[in-house]
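# Could you look at this predicted model? Sequence included:
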Amino acid sequence: MSPLRVLLVLVLLAAAAATVFADMDTALDLVDEGDAALKAKNYAAAEKLYRQALEEEAGCLPARYGLGEALLGAEKTKAAVVAFRQVVREVRSSPGIPAAWKDYEAGALDRLEEHDDNGRELEKLIDAHVAKVLRIASKYRTKDPDLAQRALEVILTLRPEHKRANEMLGTMSRRGARKEAIFDGKQIADWDGGRGQWWKVVDGVIVGETKGLATYIRNQKEIRGNFDVVMEARIAKAYDESPFVALMAAWKAEYDHSRLGTLSGALRWFEYKGEDDKDRVFMRDASALKKPYDPSAWTVYELRYRKDFIHALVNGREVHKIERPKGREGGYVGILAQGCRAEIRRLDVLHRE
C-alpha cells in the first residue's frame, strides 16, 4: 500500500472515530435535557428526549435508564419494565462500560423489584428449580459425579453467582475430572478439515453442512487415559433421507475410532477398527429409547472411556456399554456431518484420574 493510501486510511479511521464520539456527546447532551424534563415531571418531553438520545447512540445507558423513569412517571409500567430489564442486561453483558454507569443496574433492579410482577414470578420459579437441582447435585456428587456436575452446570447457567454451586463444582473438579473445551466457541481453522468448504463457525456454533456427502473435522490434540468426550449437537436441517451427525472419539484414523450419533433418526454406535472392519455395537430409533430424544433439538452425546469399558450416553442417560477394545487407549476428537446442516455448540473433554 502506498504512503498516500495509508495516510488516507488513517484519516478515514480518525473521522469515523470522531463521528462515534460525536454521537455519544450528542446523546449525553440530550440526556441532560431529558433529565431536566424528568425533574419537572414533564414525562412526555423526557421520553422524547431520551429516545432521541438512543437514536444517536444505542449504547447510551443513561438514556436507557432515563427512558425507564420517564415511562414509569407516565404510568406506562409495562414499557418501563422492558427498559429497566434492558439496562440490567446491558450492564451485565458489557464489561467495557464506564464504571459510573454500572450504578444504573442497582437502580434498575430496585425498579423491577417494585414493578415487575411477572419477573418476580419467574425469579421464584427459578429459585425453586435451582433448589431442586442442587439437592440432586448433593445427593449424587459421590455416587454419580458426572450427573452431579451436569446439575451444577445447570444451576450456574441460571444463577452464575450461586455460591454453593460454585463451591461444590470447584471441589469436584479438584477431586477428579478436569474439564477441557475442545471447541472454544470461536474458531476451527487449526483443525484438520476446519478450513474446508463444508465447515464454519457461526455465532459461536460449529456448522457442518453437506448434501449427501459425509465430511468430518478433528482437533489437533491427542487425549489418552480415562476421559469423557461430550458433544451437544442437533440436525438443524435435513437435506436427504439419511442425515447424520456424529461424535468421533479416540480417533486415530478415518477407519480407527468410535462413532456415536444419529443417522436417519436412529442412535447408532460404531466401532471402526480398519477400513474393512466396522462393528455396529448399538442401533435404536431415537423415539424408542427409554428416554426418547429429538435429533433436531439440542442433544448431548457422550462417550466415557474407562479402564475396562466404554459407556455411551444421550442427554445424560446411559444407553449402552461395551468392553473397552485394545487400541482404544486414546486419540483425537472429531465430528461428522452428512446430508444435513449439523450444528455443534459444545465439545468438551473431561479428563479422569
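Perfect, I can see it now. Since the model is a prediction, treat every value here as computed from it, not as a measurement.

# Would you map the helices across the stretch 1-150 of the chain?
Remark: helices assigned in the stretch 1-150 of the chain by DSSP state H, counting those that start in this stretch are 3-39, 43-56, 61-73, 77-93, 103-115, 117-140, 145-158.

# What does Asn166 show for phi and psi?
Backbone geometry at Asn166, expressed as degrees, to the nearest 10, gives phi -60, psi -40.

# Please renumber the chain so that the first residue is 55 from this point on.
New numbering, starting at 55: the last item is Asn220.

# which non-adjacent residue is nearest it?
Leu210 (6.9 Å; Cβ to Cβ, 6 or more residues apart in numbering). Backbone N, C-alpha and C define where each C-beta goes, glycine included.

# Equivalent analysis for Ala137, please.
Gly122 (3.6 Å).

# Tell me who's in contact with that neighbour.
Ala134, Val135, Ala137, Phe138, Val141, Ala162, Arg165 (Cβ atoms under 8 Å, 6 or more residues apart in numbering).

# about what we covered before: hmm, the residue nearest to Asn220 is touching Met222, no?
No. Taking contacts as Cβ atoms under 8 Å, Leu210 lies outside contact range of Met222: 10.1 Å.

# Go through the contacts of Gly122 and name the one nearest Glu286.
Closest approach between the contacts of Gly122 and Glu286, by Cβ to Cβ: Val141, at 31.4 Å.

# What pLDDT is listed against the closest one?
Predicted confidence (pLDDT) for Val141: 90.

# picking up where we left off before, more neighbours, Leu210 and Met222?
Met222 (20 against 15; other Cβ atoms under 10 Å).

# That one and Lys197: what is the separation?
14 Å (Cβ to Cβ, to the nearest Å).

# Can you pull out the low-pLDDT segments for this protein?
55-76, 149-150, 226-231 (pLDDT under 70).

# got the domain boundaries for it?
57-169, 173-230, 235-406 (automatic domain parsing).

# Tell me the buried residues in stretch 144-161?
Glu144, Val145, Trp155, Tyr158, Glu159 (16 or more other Cβ atoms under 10 Å).

# can you tell me the distance between the two ends of that stretch?
Stretch 144-161 has its terminal residues 13 Å apart, counting by Cα to Cα, to the nearest Å.

# just how off-centre is stretch 193-209 within its chain?
19 Å (Cα atoms, centre = their mean, to the nearest Å).

# which of the residues in that stretch are buried?
Per 16+ other Cβ under 10 Å, stretch 193-209 contains these buried residues: Tyr194, Arg195, Pro199, Asp200, Leu201, Ala202, Gln203, Arg204, Ala205, Leu206, Val208, Ile209.

# Can you tell me which of the helices of the stretch 55-204 of the chain is most buried?
helix 115-127 (a mean of 24; mean count of other Cβ atoms under 10 Å).

# angle of that helix against helix 131-147?
On the basis of axes from the mean of the first three to the mean of the last three Cα atoms, to 10 degrees, helix 115-127 is oriented at 160 degrees to helix 131-147.

# now helix 115-127 against helix 157-169, angle please.
Going by the same axes, to 10 degrees, helix 115-127 makes 20 degrees with helix 157-169.
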